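> I need the structure of the sequence given here:
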Amino acid sequence: MGSVMSPVRIPLASNWIRYGMVLLVAVTIVSLSVANPDDIGMESTDGTQSYGPFGIDYGPLGWIESDTWAHGMGYALFTATLAYAFVAPVQPNHRRLALAVCLAIALGVCMELVQAILPYRDASGIEALMNTISACLVAGVWWQLPDTIQFGSNNRVPN
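This is a model prediction of the structure:
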């Protein structure tokens, strides 16, 4: 018979650190979402040449533009930091996990709406969809964490 492995114990950072990470990621997403793409080296929306970061136009699979991949990674990270901030301390808690996903999706939709009114940005349904898919994928992985990872309060990271 196979042995059942016990979950790996991971320290739980203090509230300040966990919520600080959420704030840092959110501020980064908002800042990059409202910045002029020409000023930050991302794609131009004025009909001229279109380049992603570092001059790369397509992501790892070659069929999704690099800025769409960046959206996916950003919202995956945002969902993960939200989950670590307020799901990990009481894991498993699927209601809090659903709230984390809803908050990530809401930020993504709000940023697309803001981009729609900025003269140098365009709203994108594809990017909003990528934000949503990324948030849901992270939630799906997080849902499985209690079987493999336990966030321990007795091995808490100091403030």
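> Number of residues surrounding Asp38?
13 (other Cβ atoms under 10 Å). Where you see a C-beta, it was placed from the backbone N, CA and C, and this is true even at glycine.
> which parts of the lowest-mean-pLDDT helix or strand in the chain are buried?
When the helices and strands of the chain are scored by mean pLDDT, DSSP states H and E, helix 37-40 comes last with a mean of 74. Buried residues in helix 37-40, counting neighbours by 16 or more other Cβ atoms under 10 Å, are found at Pro37.
> same question, stretch 82-102
Taking 16+ other Cβ under 10 Å as the criterion, stretch 82-102 shows 82-89, 91, 93, 96-97, 100-101 as buried.
> who's in contact with Val87?
Listed by Cβ atoms under 8 Å, 6 or more residues apart in numbering, the contact partners of Val87 are 93, 96-97, 100, 142.
> helix, strand or coil for the nearest residue to it once chain neighbours are set aside?
Once flanking residues are discounted, Val87 sits nearest to Arg96: 4.5 Å by Cβ to Cβ, 6 or more residues apart in numbering. Three-state call for Arg96 (DSSP: H, G, I helix; E, B strand; the rest coil): helix.
> what stretches of the chain score poorly on pLDDT?
Along the chain, the parts satisfying pLDDT under 70 run over 1-4, 41-67, 153-159.
> In it, what residue spans correspond to helices?
Per DSSP state H, the chain carries helices over the ranges 15-34, 37-40, 66-86, 94-117, 125-148.
> rewinding a little: format the buried residues of stretch 82-102 as JSON lines; extra columns: distance to Met130.
Formatted as JSON lines, the buried residues of stretch 82-102 follow (distance: Cβ to Cβ, whole Å):
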{"residue": "Leu82", "distance to Met130": "17"}
{"residue": "Ala83", "distance to Met130": "19"}
{"residue": "Tyr84", "distance to Met130": "22"}
{"residue": "Ala85", "distance to Met130": "23"}
{"residue": "Phe86", "distance to Met130": "24"}
{"residue": "Val87", "distance to Met130": "22"}
{"residue": "Ala88", "distance to Met130": "25"}
{"residue": "Pro89", "distance to Met130": "29"}
{"residue": "Gln91", "distance to Met130": "26"}
{"residue": "Asn93", "distance to Met130": "26"}
{"residue": "Arg96", "distance to Met130": "24"}
{"residue": "Leu97", "distance to Met130": "20"}
{"residue": "Ala100", "distance to Met130": "17"}
{"residue": "Val101", "distance to Met130": "14"}
